[in-house]
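Peer 1: Structure, please.
(one chain, ligands or ions: 2)
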Amino acid sequence: MKIAIAGASGRMGRMLVESVLSTSDATLAGALDIPGSPALGQDAAGFLGRQSGVLVTDDVRAALSGADVLIDFTRPDGTLAHLAVARELGVRMVIGTTGFDDSQKAALRQAAQTIPVVFAPNMSVGVNATFKLLEVAAKILNSGYDIEVIEAHHRHKVDAPSGTALRMGEVIAEALGKDLKDCAVYAREGHTGEREEGTIGFATIRGGDIVGDHTVMFAGIGERIEITHKSSSRVSYAQGSVRAARFLMDKPAGLYDMQDVLGLK
Ligand SMILES: NC(=O)C1=CN([C@@H]2O[C@H](COP(=O)(O)OP(=O)(O)OC[C@H]3O[C@@H](n4cnc5c(N)ncnc54)[C@H](OP(=O)(O)O)[C@@H]3O)[C@@H](O)[C@H]2O)C=CC1
Ligand SMILES: O=C(O)C1=N[C@H](C(=O)O)C[C@H](O)C1
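Peer 2: Ligands and ions are numbered 1, 2, ... in the order given. Model prediction:
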């Protein structure tokens with residue numbers, strides 16, 4: 001697999017460069033970053049003290065020209081711009097970026113009619129297993145339990161709640177036969193009144209270098225159940241992304257997620 005990486009000098013981009021270079025069936029085919037990035041013109045593996053022979057560029061076409069798959073962990077507007085070029089060139093995409101609004105998600109779905117795309121808010125096997133556990137828990141604890149999703153991330157994260165927390169909410173809502181849009185409570189402040197039955201609450205913590213923690217609490221009377229996943233390194237996201245790239249190699253156009261990649265559907 002010839003893999004290009006967008007956001008190559010970002011936190012995930014660097015982890016992806018390292019993962020691709022250490023994967024025997026993968027080669028680094030391109031490294032993209034945003035215009036003005038100090039990484040432009042540098043070797044993509046320079047931060048590791050290594051030479052990959054791939055220079056970081058802001059020329060999307062050049063970065064994608066020799067690639068089978070683009071792995072993109074950037075920002076929604078950047079991802080959609082890269083997706084337009086990937087679609088033209090027939091390059092598959094693995095998208096880990098979070099924070100898309102509904103119209104941006106619609107644009108993504110449309111592009112996936114032409115090229116195969118894996119789009120997932122969390123590429124780790126552990127989080128995807130947790131989604132399954134939540135589905136089971138929500139079905140069993142379907143009444144008498146108040147559901148709260150609590151997430152914590154590093155101080156640099158720009159979107160909230162995290163894409164993973166939102167997906168957890170969607171998985172739970174779906175298991176309960178609801179739409180998250182109708183039952184989510186994203187903020188509480190001041191005189192909020194009592195908790196409304198059947199809602200799913202979200203709480204966000206931002207601080208330091210926390211990689212990514214998610215807890216779902218099912219709070220009943222006399223007991224509560226908590227299902228927690230904690231990331232201690234971004235390596236699981238990067239390895240999941242490479243696995244997703246491999247999955248896409250023989251897939252037709254369409255929108256896939258990590259549950260498809262891991263065979264959990
Ligand atoms: N699905 C998953 O498993 C995971 C998803 N994520 C998501 O991935 C995204 C990136 O996270 P992270 O690596 O921590 O972020 P960083 O800010 O560290 O990296 C983002 C990279 O993209 C570049 N960039 C920023 N804006 C644009 C743009 N408009 N167009 C092109 N490139 C751009 C940045 O350049 P510059 O620094 O110069 O601005 C940087 O190189 C986030 O949305 C995050 O939530 C993160 C971890 C796991
Ligand atoms: O920004 C991050 O760091 C992460 N973002 C993803 C999200 O929004 O869920 C995945 C992971 O939690 C790390």
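
Peer 1: Who are the contact partners of the nearest residue to residue 240 once chain neighbours are set aside?
Peer 2: Counting by C-beta to C-beta, 6 or more residues apart in numbering, residue 240 lies nearest to residue 123, which is 3.1 Å off, once chain neighbours are set aside. In short, each C-beta sits where N, CA and C put it, glycine included. Applying C-beta atoms under 8 Å, 6 or more residues apart in numbering, we find residue 123 in contact with 94, 96, 236, 237, 238, 239, 240, 241, 243, 244, 258.

Peer 1: residues in contact with the first one?
Peer 2: To tie it back to what came earlier, the one meant is residue 94. 69, 70, 71, 72, 117, 118, 123, 241, 244, 245, 248.

Peer 1: Can you get me a residue count around the fourth one?
Peer 2: In other words, residue 72. In terms of burial, residue 72 registers 29 neighbours under the definition other C-beta atoms under 10 Å.

Peer 1: ok so, going back, can I get the contacts of residue 94 in TSV with secondary structure and pLDDT?
Peer 2: Output for those, formatted as TSV (DSSP: H, G, I helix; E, B strand; the rest coil; pLDDT from 0 to 100):
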residue	secondary structure	pLDDT
69	strand	98
70	strand	98
71	strand	99
72	strand	98
117	strand	98
118	strand	98
123	coil	98
241	helix	98
244	helix	98
245	helix	98
248	helix	98
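
Peer 1: For PyMOL, what selects the buried ones among those residues?
Peer 2: Those of these that count as buried under 16 or more other C-beta atoms under 10 Å are selected in PyMOL with:
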select buried, resi 69+70+71+72+117+118+123+241+244+245+248
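
Peer 1: Which pair of the contacts of residue 94 spans the longest distance?
Peer 2: Maximum pairwise distance among these (C-beta to C-beta): 14.5 Å, between 70 and 123.

Peer 1: pretty sure residue 237 contacts residue 121?
Peer 2: No - the criterion here is C-beta atoms under 8 Å, and residue 237 misses it with residue 121 at 10.3 Å.

Peer 1: Now for the contacts of residue 123: which two are most distant?
Peer 2: The two members of the contacts of residue 123 with the most space between them (C-beta to C-beta) are 94 and 236, at 14.5 Å.

Peer 1: In terms of helices and strands, where is residue 225?
Peer 2: Under the criterion DSSP states H and E, the helix or strand holding residue 225 is strand 224-231.

Peer 1: ok, now residue 128?
Peer 2: Using DSSP H and E, residue 128 sits within helix 125-140.

Peer 1: angle of that helix against strand 224-231?
Peer 2: With axes from the mean of the first three to the mean of the last three C-alpha atoms, to 10 degrees applied, the angle from helix 125-140 to strand 224-231 works out at 160 degrees.

Peer 1: I'd like to know how far the residue of the chain positioned farthest from its centre sits from residue 150.
Peer 2: Most distant from the centre of the chain: residue 222, at 35.4 Å, with distances by C-alpha atoms, centre = their mean. Taken as C-beta to C-beta, to the nearest Å, the spacing of residue 222 relative to residue 150 amounts to 21 Å.
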